[in-house]
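Enquirer: task: produce atomic coordinates for the following.
(one chain, ligands or ions: 2)
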Amino acid sequence: MLNIKWRLVAIIASIVLLVHFLWLSPYLESQQPSQDGNLLDDTNAPNHENNDNDTGKGAGIIHPPAVTVTVTRETGAAATITEIVKETVYAADVKEPVVERTNAAFVILTRNKELDSLRETLAQLESRFNHRYHYPYVFLNNEPFSDKFKEKIADIVSGECHFGLIPTEHWSYPDYINQTRASEARKDMAERKIIYGGSESYRHMCRYESGFFFRHPLMDKFKWYWRVEPGVKFACDIDYDPFLFMEKNNKKYGFTISIKEYILTIPTLWDTTVDFMKEHKDMIPEKNLMEFVTDDKGGYNRCHFWSNFEIGSLDFLRSEKYLAYFDHLDRAGGFFYERWGDAPVHSLGVAMFLNKNDVHWFEDIGYYHGPLWNCPKGELNKNKKCWCPEEESIEIKNKAWSCTLDFVALSNP
Ligand SMILES: Nc1nc2c(ncn2[C@@H]2O[C@H](COP(=O)(O)OP(=O)(O)OP(=O)(O)O)[C@@H](O)[C@H]2O)c(=O)[nH]1
Ligand SMILES: [Mg+2]
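Expert: Ligands and ions are numbered 1, 2, ... in the order given. Below you'll find the model as predicted:
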């Protein structure tokens, strides 16, 4: 009798325990320790629940990055890289922390009014690439960034943010420039309806991108830069680290799009460059990339790498020879008396001082800056989950305007 009673108690107790366990199990699961032994809390993993269903791998969908933001305020200290990886890796859609990085940063020259288009661009860049790497950002402006700008940008990226003011001497007229002549040149170009021909700020921008952004103190500690502009689109997964690719393959300059320049903006740029080459023969290596920029008659064929996208070596831009070239151009005055763009200036520098092996076409990065696309083709388009139309890629769509296939066809030195 007693036996039966105790058996009954044991059965009831087992049922209670089982029900209790089943009831609690989802809760227990959500409290599993993370790989480093700490319990995840809501502040470290804001979108943890959403991420269970969101692998972040949907083609063409722009995911806001589900990551913890780490900001370097002008007054505050930044989190260390290890901390960033720990904080973000479980909240993002990757399971393994990415530890191998190089000394690189995105660099973005921009204005407060471009906040919305920049956020859209950065959401894509994070979702397609940086949510796994957390590379830092350097934002530069000739006017102070607003608090709203800083906060809204920091909200959307996974790397440290550095906001820098451009020193006046890098964004003003040098004393050897005749400002009356510059003003007349702007008036004349505006009348001739040359794009941005009447704009003074555009000229300061082009000069700054040509010769100064890499000398901003915030850039000092980096070796590699990736230039980004507000409004550009990234249409494919970037499932490896382009910075490391550059470093490991000994590259110095990377591009996505190359086209021919509008000649009315640079009437004397080529002659000024030829003068420099004559004066500095010792600086021009025998194996260079001049073939990319010259036509059959030895003149400028107008080809240039479109500099709104660049991944490159800061040491190259900071080199004595590149700086000597920039200085030579600056003194000639064409940034102000004409409207020299930073794209042909960088490209002619690359062509003079580097060779084909130093330069890389990122064919596999789906990139749009209005109105042009670089879009991966065939299997690449599929594997990288691109939403860009491959026939729109400029080297296919307009072979005469693009220079990229000519670059590919050049022989290696
Ligand atoms: N801070 C600051 N940034 C500028 C200024 N003008 C242009 N920029 C930035 O410089 C870069 C190039 O300017 P854009 O206006 O895009 O020039 P673009 O690419 O030749 O021409 P678009 O076809 O208009 O894109 C962008 O990142 C701009 O945000 C300026 O006056 N101040
Ligand atoms: Mg632009």
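Enquirer: so Ala105 touches Val138, yeah?
Expert: Yes. If you go by Cβ atoms under 8 Å, Ala105 and Val138 touch, sitting 5.1 Å apart. Backbone N, C-alpha and C define where each C-beta goes, glycine included.
Enquirer: okay, and the common contacts of those two?
Expert: Common contacts of Ala105 and Val138, defined by Cβ atoms under 8 Å, 6 or more residues apart in numbering, comprise His162, Met219, Phe222.
Enquirer: in strands only, show me these.
Expert: Among those, the members falling in strands (DSSP state E) are His162.
Enquirer: and ligand 1, which of the shared contacts of Ala105 and Val138 contact it?
Expert: By Cβ under 6 Å from any ligand atom, no member of the shared contacts of Ala105 and Val138 lies near ligand 1.
Enquirer: in JSON lines: the shared contacts of Ala105 and Val138, plus pLDDT and distance to Ile266.
Expert: Formatted as JSON lines, the shared contacts of Ala105 and Val138 follow (pLDDT from 0 to 100; distance: Cβ to Cβ, whole Å):
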{"residue": "His162", "pLDDT": "97", "distance to Ile266": "32"}
{"residue": "Met219", "pLDDT": "98", "distance to Ile266": "26"}
{"residue": "Phe222", "pLDDT": "98", "distance to Ile266": "29"}
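Enquirer: name the strands paired with the host helix or strand of Tyr368 and say parallel or antiparallel.
Expert: Following DSSP states H and E, the helix or strand that holds Tyr368 is strand 367-369. When pairs are called by DSSP bridges, strand 367-369 turns out to pair with strand 233-234 (antiparallel), strand 372-374 (antiparallel).
Enquirer: so which residues of the stretch 301-413 of the chain form helices?
Expert: 314-317, 320-332, 334-337, 342-353, 378-383, 394-397, 404-409 (DSSP state H, counting those that start in this stretch).
Enquirer: buried residues, the longest one. List them.
Expert: For helix 320-332, the buried set under the neighbour-count rule, 16 or more other Cβ atoms under 10 Å, comprises Lys321, Tyr322, Tyr325, Phe326, His328, Leu329, Asp330, Ala332.
Enquirer: what's the answer for the last one, then?
Expert: Neighbour-count burial for helix 404-409, counted by 16+ other Cβ under 10 Å, picks out Thr404, Phe407.
Enquirer: what does stretch 384-395 give?
Expert: Within stretch 384-395, the residues that count as buried by 16+ other Cβ under 10 Å are Lys384, Lys385, Cys386, Cys388, Glu390, Ser393, Ile394, Glu395.
Enquirer: and for stretch 100-120?
Expert: Neighbour counts over stretch 100-120 (16+ other Cβ under 10 Å) mark 102, 104-110, 114-115, 118-120 as buried.
Enquirer: now swap in stretch 149-156 and tell me
Expert: Phe149, Lys150, Ile153, Ala154, Ile156.
Enquirer: so which of these sit within helices?
Expert: If you go by DSSP state H, the buried residues of stretch 149-156 have Phe149, Lys150, Ile153, Ala154 in helices.
Enquirer: redo these as a markdown table? Include pLDDT and distance to Ala409.
Expert: A markdown table is the format used below for these (pLDDT from 0 to 100; distance: Cβ to Cβ, whole Å):
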| residue | pLDDT | distance to Ala409 |
| --- | --- | --- |
| Phe149 | 97 | 44 |
| Lys150 | 97 | 45 |
| Ile153 | 97 | 41 |
| Ala154 | 96 | 44 |
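Enquirer: dihedrals phi and psi, the residue in the stretch 101-250 of the chain that ligand 2 sits nearest to?
Expert: The stretch 101-250 of the chain approaches ligand 2 most closely through Glu229 (4.6 Å), counting by Cβ to the ion. Dihedral pair for Glu229: phi -120, psi 150, per degrees, to the nearest 10.
Enquirer: tell me how many other residues crowd it.
Expert: By other Cβ atoms under 10 Å, 16 other residues sit near Glu229.
Enquirer: residues contacting the closest residue to it other than its chain neighbours?
Expert: In space, and not counting its chain neighbours, Glu229 is closest to Asn308: 4.8 Å by Cβ to Cβ, 6 or more residues apart in numbering. Contact analysis of Asn308 by Cβ under 8 Å, 6+ apart lists Arg227, Glu229, Val232, Ala343, His369.
Enquirer: residues from the stretch 251-400 of the chain in reach of ligand 1?
Expert: Where the stretch 251-400 of the chain comes near ligand 1, counting by Cβ under 6 Å from any ligand atom, the residues are Asn308.
Enquirer: residue of the stretch 251-400 of the chain nearest ligand 2, please.
Expert: In the stretch 251-400 of the chain, the residue that lies nearest ligand 2 is Asn308 (4.9 Å; Cβ to the ion).
Enquirer: ligand 1 versus the nearest residue to Gly211 once chain neighbours are set aside, what's the distance?
Expert: The shortest distance from Gly211 to any non-neighbouring residue, by Cβ to Cβ, 6+ apart, is to Phe326 (3.9 Å). Taking Cβ to the nearest ligand atom, to the nearest Å as the measure, Phe326 falls 17 Å from ligand 1.
Enquirer: likewise for Lys193?
Expert: For Lys193 relative to ligand 1 (Cβ to the nearest ligand atom), the value is 15 Å.
Enquirer: one more: Lys321?
Expert: Lys321 sits 25 Å away from ligand 1, taking Cβ to the nearest ligand atom as the criterion.
Enquirer: need the pLDDT of the nearest residue to that residue once chain neighbours are set aside.
Expert: Distances taken as Cβ to Cβ, 6+ apart put Met283 closest to Lys321, at 4.4 Å, once the chain neighbours are dropped. The per-residue pLDDT reported for Met283 equals 98.
Enquirer: distance check, Met283 against Ile195.
Expert: Separation of Met283 from Ile195 (Cβ to Cβ, to the nearest Å): 32 Å.
Enquirer: neighbour count: the two, which is higher?
Expert: Comparing Met283 with Ile195 by other Cβ under 10 Å, the one with more neighbours is Met283, at 16 against 12.
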